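1. Provided below for reference: sequence and predicted model.
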Amino acid sequence: MTVRARKRREIAILATLSSLIFIFILMPIAILFVISFTSGDTMAFPPPGWSLRWYHMTFDMFMGRQQTGMVGNFSGSDRFLESLTTSIRIAFTTMVLTILIAIPAAYALVRYEFRGKGVVEQVISFPTVYPLVVLGISFLILSSLAGFTGGFWRIVFAHIVITFPFVVRNCVASLRGVSRSFEEVAATLGAGPVRAFVEIVLPLIRSGLAAGMLLAFILSFNEFTASFFLYSSSTLPFSMWMYTQASNDLNPVIFALSTVFIVLNILLILVVERISGRDGPSV
Amino acid sequence: MTPQARKRNAPYLLLAPAGVLFLAIAVSALMMVRLSFGEKTLEWESWTLANYRALSEGVFVTGFIRTLRLAVIATALVLLLSLPVSLLYARVTSRMVKRLILFIILLPLFINQLLQSYGWISLLGPTGIVNNLLVGSGIVARPLRLLYTETGVIIAMVQLALPLAVLPISSALRNIPASYEEAAAILGAPRLRVLWEIVVPLARPGLWAAFLLVSSFNISAFVLPLLLGGGRVTTVPMLIREQMGPLLNWPQGAALAVVLVLLTLLVQRIAGLQRRGGTRT
């Protein structure tokens, strides 16, 4: 066999194996999609027939309308819209604060050599391996010791910790693409370092930043474990609402709702994919 | 301040906001450690070792062993399954195919774990696809119990953690010059042997990085045992939840959490040492 034929056969074997693994990876997501179109009341597979009834119900929930034809203990739109707004507020605040902390940190790491840089780099990636359960309960302990029981800010704080390593990495990658000479030129023309950054560097990395911010939003919106320990009765995030509902009764409307959110999620990921790596000159 | 001094201090000033964040993590972790030495209801006034002594009790020991067992099995499976995918990702030249693979791989990472767990509940249930296929094809006579067992949790762990392994491994594979493999092939080594004796050892740093990410993920998995364990798969995170929630024994929960962190640090240490060892040779 020639080398080329051998190589082609090898890729074919790898592709077959990988396809099986891809099916495995996508199975739980695909099944939600399929069962959400069932005409039955349970999540049995294959479904007895097809219908859009669970999507009608989902639509009513989004419109804040009372549901008709509810089954089991599902309490429907009770707090649904409220939890959605809460999660969006949390995700938005997390996104803004994380990027504000991450930009200067990334700038320091890319543009300066300083003592302790290696340690700082290691510490920054630490939250990726720090157990979320521990993050959740240690923030719970700290906030209750400080007599602070509102869920909103302690969840936001935990989410900043969670999203920070991703966003910093993103900013570092974007900043690496911007030559130092732009700022040097700006400096010779009399611009201070802050002005050079805001007017020259920032516009050059804006797609990278936008991608990082969206990433933070997605991660925060989907986060469950830390929120599980930190939510309060007045701040009920969407994940927690979903969890409470489904523990009462896991019926197909949960699957229809999940499908809606997964589709939104995939669209956001595609946007991130699109805009990252679309930044200006990288001389 | 002189310009030189300003330049010297600039990076520290820029890092200050992030510093506050990490200070909060450190303070909250220290408070948790302090609490683990407290007594229930007298949390901050007393000092005791009782919570650590209690860790030798049956429930906790079983919990630790179960956590490690699940993590070891799931991590081994993840590393094994991620090899063909990483090889494919490193070899494929078409940009379109590459982006498609990356997209599929990233999905489980960015979609709510809770929603994916609901998918697994329906897949693994007694009337779910998996059992229907197994019974229908005559492989088993009666539906297997997969949901609310360790097996079910492991299957889902493998699915959720796989993306974490593929990226570091494939980036390590890309750095291996194709000429090494070609040389081995010319010398007549069979493909699998080339893979096992040349490619895998050279990809060691990537494999250890993947090991670190995947095993930390699996040791501290929370959503999966909570939803797919049905109260029967009591891993350490589940025990922590029980102490913090229903039992309201925060000091005991804190002691368990301290041990969980030590476990993750141990894994990190092992991976770090091995990774360095791997690049030296």
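-> Here it is on my side, so go on.
2. what strand or helix carries residue 210?
-> I went with chain A, as the question did not name one. For A:Ala210, the host element (DSSP states H and E) is helix A:206-222.
3. wait, chain B
-> Using DSSP H and E, B:Ala210 falls in helix B:204-219.
4. what pLDDT, on average, does that helix get?
-> For helix B:204-219, mean pLDDT rounds to 92.
5. next one: it to chain centre, how far?
-> Helix B:204-219 has its C-alpha centroid displaced from the chain centroid by 7 Å (Cα atoms, centre = their mean, to the nearest Å).
6. stretch A:38-58 too?
-> Worked out by Cα atoms, centre = their mean, stretch A:38-58 lies 29 Å from the chain centre.
7. ok, stretch B:148-167 next?
-> Distance of stretch B:148-167 from the chain centroid (Cα atoms, centre = their mean) equals 9 Å.
8. does chain A sit close to it?
-> Yes - Stretch B:148-167 comes into contact with chain A (Cβ under 8 Å from any Cβ of the partner chain), by way of B:156, B:159, B:162-163. Every residue, glycine included, has its C-beta placed from N, CA and C.
9. still on that earlier bit, ok, then the element right after the helix holding B:Ala210?
-> Per DSSP H and E, the helix or strand that comes after helix B:204-219 is helix B:223-228.
10. packing partners of that following helix?
-> In terms of contacts (3 or more Cβ pairs under 8 Å, 6 or more residues apart in numbering or on different chains; DSSP states H and E), helix B:223-228 is packed against helix B:113-124, helix B:150-174, helix B:236-244.
11. so which elements touch the shortest one?
-> Read that as helix B:236-244. In terms of contacts (3+ Cβ pairs under 8 Å, 6+ apart), helix B:236-244 is packed against helix A:132-145, helix B:58-91, helix B:223-228, helix B:250-280.
12. show me what contacts the closest residue to B:Asn112 other than its chain neighbours?
-> Residue nearest to B:Asn112 in three dimensions, not counting chain neighbours: A:Asn222, with 4.1 Å by Cβ to Cβ, 6 or more residues apart in numbering or on different chains. For A:Asn222, the contact set (Cβ atoms under 8 Å, 6 or more residues apart in numbering or on different chains) comprises A:239, A:265, B:110-113.
13. which residues of the stretch 151-281 of chain B lie near chain A?
-> B:156, B:159, B:162-163, B:182, B:185, B:191, B:212-213, B:216, B:219-220, B:222-223, B:237, B:240-241, B:244, B:250, B:253-254, B:257, B:260-261, B:264, B:267-268.
14. of those, buried ones?
-> Buried members of these, counted by 16 or more other Cβ atoms under 10 Å in any protein chain shown: B:156, B:159, B:162-163, B:185, B:212-213, B:216, B:219-220, B:222-223, B:237, B:240-241, B:244, B:250, B:253-254, B:257, B:260-261, B:264, B:267.
15. tell me how far B:Leu207 lies from B:Ser82.
-> 9 Å (Cβ to Cβ, to the nearest Å).
16. okay, those two: which has more neighbours?
-> B:Ser82 (29 against 25; other Cβ atoms under 10 Å in any protein chain shown).
17. for residue 112, phi and psi?
-> In the absence of a named chain, this looks at chain A. The phi and psi values for A:Tyr112, taken as degrees, to the nearest 10, are phi -120, psi 150.
18. other chain: chain B
-> Main-chain dihedrals, B:Asn112, degrees, to the nearest 10: phi -40, psi 120.
19. okay, now it: neighbour count?
-> Neighbours around B:Asn112, by other Cβ under 10 Å: 21.
20. what would the helices and strands packed on helix B:223-228 look like in a markdown table with mean pLDDT and distance to A:Ile90?
-> A markdown table is the format used below for the helices and strands packed on helix B:223-228 (pLDDT from 0 to 100; distance: least, Cβ to Cβ, whole Å):
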| stretch | mean pLDDT | distance to A:Ile90 |
| --- | --- | --- |
| helix B:113-124 | 93 | 16 |
| helix B:150-174 | 93 | 23 |
| helix B:236-244 | 95 | 21 |
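21. so which of those helices gets nearest A:Ser83?
-> For A:Ser83, the closest of the helices and strands packed on helix B:223-228 is helix B:113-124, at 12.8 Å, according to Cβ to Cβ.
22. what's the angle between the closest one and helix B:150-174?
-> 120 degrees (axes from the mean of the first three to the mean of the last three Cα atoms, to 10 degrees).
23. now the next helix or strand after helix B:113-124, how far from the chain's geometric center?
-> Sequence-wise, the next helix or strand downstream of helix B:113-124 (DSSP H and E) is helix B:129-136. Distance of helix B:129-136 from its chain centroid, counting by Cα atoms, centre = their mean, is 29 Å.
24. and helix B:129-136, does that touch chain A?
-> Yes - Helix B:129-136 lies within reach of chain A by Cβ under 8 Å from any Cβ, at B:129, B:132.
25. now for that helix, which elements pack on it?
-> Here helix B:129-136 is seen to pack against helix B:113-124 when contacts are counted using 3+ Cβ pairs under 8 Å, 6+ apart.
26. could you check the angle helix A:206-222 makes with the helix it packs on?
-> Calculated by the same axes, to 10 degrees, helix B:113-124 forms an angle of 60 degrees with helix A:206-222.
27. which residues of the stretch 1-150 of chain A score low on pLDDT?
-> A:1, A:3, A:66-77 (pLDDT under 70).
28. could you pull out the helices for it?
-> Applying DSSP state H, counting those that start in this stretch to the stretch 1-150 of chain A gives helices spanning A:3-35, A:53-62, A:80-111, A:117-125, A:132-145.
29. out of these, which gets nearest to A:Ser258?
-> Of all these, helix A:3-35 sits nearest to A:Ser258, with 4.8 Å by Cβ to Cβ.
30. which other helices and strands contact the closest one?
-> helix A:252-275, helix B:58-91, helix B:95-110, helix B:113-124, helix B:150-174, helix B:178-186.
31. any buried residues in the fifth one, and which?
-> Meaning helix B:150-174. B:150-173.
32. which elements pack onto it?
-> helix A:3-35, helix B:58-91, helix B:95-110, helix B:113-124, helix B:204-219, helix B:223-228.
33. hmm, 6 Å instead?
-> If contacts are counted by 3 or more Cβ pairs under 6 Å, 6 or more residues apart in numbering or on different chains; DSSP states H and E, helix B:150-174 sits against helix B:58-91, helix B:95-110, helix B:204-219, helix B:223-228.
34. now do the residue in the stretch 101-250 of chain A positioned nearest to chain B against A:Phe164, distance only.
-> As assessed by Cβ to the nearest Cβ, chain B sits closest to A:Pro131 within the stretch 101-250 of chain A, at 3.3 Å. As judged by Cβ to Cβ, A:Pro131 and A:Phe164 stand 16 Å apart.
35. got it, and A:Ala108?
-> Remark: distance between A:Ala108 and A:Phe164 (Cβ to Cβ) = 14 Å.
36. of these two, give the one with the bigger neighbour count.
-> More neighbours surround A:Phe164 than the other of A:Ala108 and A:Phe164, with 25 against 20 (other Cβ under 10 Å).
37. and the helix or strand where A:Ser181 lies with chain B, contact?
-> A:Ser181 belongs to helix A:180-188 when assigned by DSSP H and E. No - shown here: helix A:180-188 not in contact with chain B (Cβ under 6 Å from any Cβ of the partner chain), separated by at least 11.8 Å.
38. which SSE is immediately downstream of that helix?
-> helix A:193-196.
39. next, B:Leu42: phi, psi?
-> When read as degrees, to the nearest 10, the backbone of B:Leu42 gives phi -120, psi 40.
40. for it, give the beta-bridge partners.
-> Beta-bridge partners for B:Leu42, by DSSP bridges, are B:Glu39.
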